[in-house]
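[1] Structural data only, the sequence is not supplied:
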Ligand code: UDP
Ligand code: MN
């Protein structure tokens, strides 16, 4: 529907990657609604370009620059920076109904039925089920509500320091008044449920419609080994326990988002001899900033060749450090052949 939208927020390139995967997951599950992303000025130009490809609307929100109530509220509560940006979603008044989704959510089934719900519909928070979790919520854009929210947050702040505290304070009757505003947990299934209620997760987890990678460990801070089809890094327990959802995220990211990013970073000079390596660093080393590290620029390549003869004398730890500085020995120790051998040995 043209007057309904899924809205997300990404104030930096990492969350932008999450937003890109979310957009693809919504489209792959055939949503008929518009897709909107709110971004901040820190999001790089290539990421902005990819967001423009994947979303119907990209709105740069800079609460510091704005002349409206958000700016005033911000002066009073500088601690709530990202929160104010998120609350900006209420200003999207060219839509009659919206669903906000965190950039760390992934849609695994069509959820357009959410637009039949009213403001404010949300799923319980797994940590305190009398509060709703603000990773997924249905809302109705309105300048009047927006102004009230701004005023509320400037006056009362947030009991948890983020948007969830503000919104639960503002929509405080959610827990007790109208059960139709309680979304089933499968619309915002946080991976935390695995630890808190494993049998229920086993019983119902398969019905998930939205997965939420809530907490410190985000999919983009891990690494993916496409050959082994495994996600690595972070706490091994955490990775192992929700590996199938993480794998879904990474499969979508590497198949449908990474090629777009590579296209848009493509104006930067690539050394043809290094192209073959462009996806390898994150296979071999446990890097968190995957994309930055997966681009090898020409100068770095030349520097790398110069370092080649010296590299053979270096320990593996030193070589890794050099690699991370972009000074890999592409023609010697770090050649494609050697990397392949190392990978094969590792996978065996
Ligand atoms: N967010 C953002 N930039 C930040 C932090 C958060 O854009 O630096 C947005 C993003 O959409 C994110 C949401 O705010 O999904 C809520 O933060 P997060 O998901 O990290 O919180 P959690 O769900 O883990 O409590
Ligand atoms: Mn989240």
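    Received the coordinates, thanks. These numbers come from a predicted model, not from an experiment. Residues are numbered from 1 along each chain as shown. Ligands and ions are numbered 1, 2, ... in the order given.
[2] Could you give the number of residues near the residue of the stretch 201-348 of the chain found nearest ligand 2?
    At 5.0 Å from ligand 2, residue 214 is the closest residue in the stretch 201-348 of the chain, using CB to the ion. To be clear about C-beta, it is placed using only N, CA and C from the backbone, and glycine gets the same treatment. Residue 214 has 21 neighbours, counted by other CB atoms under 10 Å.
[3] Residue 41 now?
    Counted with other CB under 10 Å, residues neighbouring residue 41 total 11.
[4] quick one on the thing from earlier: wasn't the residue of the stretch 201-348 of the chain closest to ligand 2 part of a strand?
    No - counting by DSSP: H, G, I helix; E, B strand; the rest coil, residue 214 is not found in a strand; it is coil.
[5] Make sure it is actually in contact with residue 193.
    No - judged on CB atoms under 8 Å, residue 214 makes no contact with residue 193 at a distance of 9.6 Å.
[6] Give me the common contacts of the two.
    Any residue near both residue 214 and residue 193 by CB atoms under 8 Å, 6 or more residues apart in numbering counts here, and that gives residue 126.
[7] What residues does the residue of the stretch 201-348 of the chain closest to ligand 2 make contact with?
    With CB under 8 Å, 6+ apart, residue 214 has these contacts: 102, 104, 126, 133, 135, 190, 191, 192.
[8] residues near the closest residue to the fourth one other than its chain neighbours, how many?
    Closest residue in space to residue 133, ignoring its immediate chain neighbours: residue 125 at 4.1 Å, by CB to CB, 6 or more residues apart in numbering. Other residues within reach of residue 125, judged by other CB under 10 Å, total 21.
[9] Looks like residue 102 contacts residue 137 (just checking).
    No - proximity of residue 102 to residue 137 does not meet the contact threshold set by CB under 8 Å, at 9.7 Å.
[10] Between these two, which is the more surrounded one?
    Set side by side, residue 102 and residue 137 show more neighbours around residue 137, with 30 against 24, by other CB under 10 Å.
[11] follow-up on the earlier one: OK, contacts around the residue nearest to residue 133?
    Residues in contact with residue 125 (CB under 8 Å, 6+ apart) are 131, 132, 133, 164.
[12] C-terminal to the host helix or strand of the last one, which secondary structure element comes first?
    With elements taken from DSSP states H and E, the one containing residue 164 is helix 163-170. Toward the C-terminus, helix 163-170 is succeeded by strand 189-190 as the next helix or strand (DSSP H and E).
[13] Which residue ranges of the stretch 101-250 of the chain form helices?
    143-156, 163-170, 193-196, 198-204, 236-241, 243-252 (DSSP state H, counting those that start in this stretch).
[14] Nearest spatial neighbour of the residue of the stretch 101-250 of the chain found nearest ligand 2, chain-adjacent residues omitted?
    Going by CB to the ion, ligand 2 is nearest to residue 102 of the stretch 101-250 of the chain, at 3.5 Å. Excluding its sequence neighbours, the residue lying closest to residue 102 (CB to CB, 6+ apart) is residue 135, at 4.1 Å.
[15] correct me, but the one you found touches residue 103?
    No - contact between residue 135 and residue 103 fails when scored by CB under 8 Å: they sit 9.6 Å apart.
[16] For residue 13, which residues are in contact?
    Shown in contact with residue 13 (CB under 8 Å, 6+ apart): 42, 43, 44, 47, 291.
[17] so the first one sits right up against residue 10, yeah?
    No - the pair formed by residue 42 and residue 10 falls short of the contact definition of CB under 8 Å, at 9.6 Å.
[18] Tell me which of those two has more neighbours.
    Higher neighbour count among residue 42 and residue 10: residue 10, with 26 against 13, using other CB under 10 Å.
[19] Tell me where this protein has strands.
    Secondary structure of the chain (DSSP state E): strands at 4-10, 34-39, 57-60, 97-101, 105-107, 121-124, 132-139, 189-190, 210-212, 223-225, 230-232.
[20] Those into TSV, with extra columns for mean pLDDT?
    Formatted as TSV, these follow (pLDDT from 0 to 100):
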stretch	mean pLDDT
strand 4-10	98
strand 34-39	98
strand 57-60	97
strand 97-101	98
strand 105-107	98
strand 121-124	98
strand 132-139	98
strand 189-190	92
strand 210-212	96
strand 223-225	84
strand 230-232	82
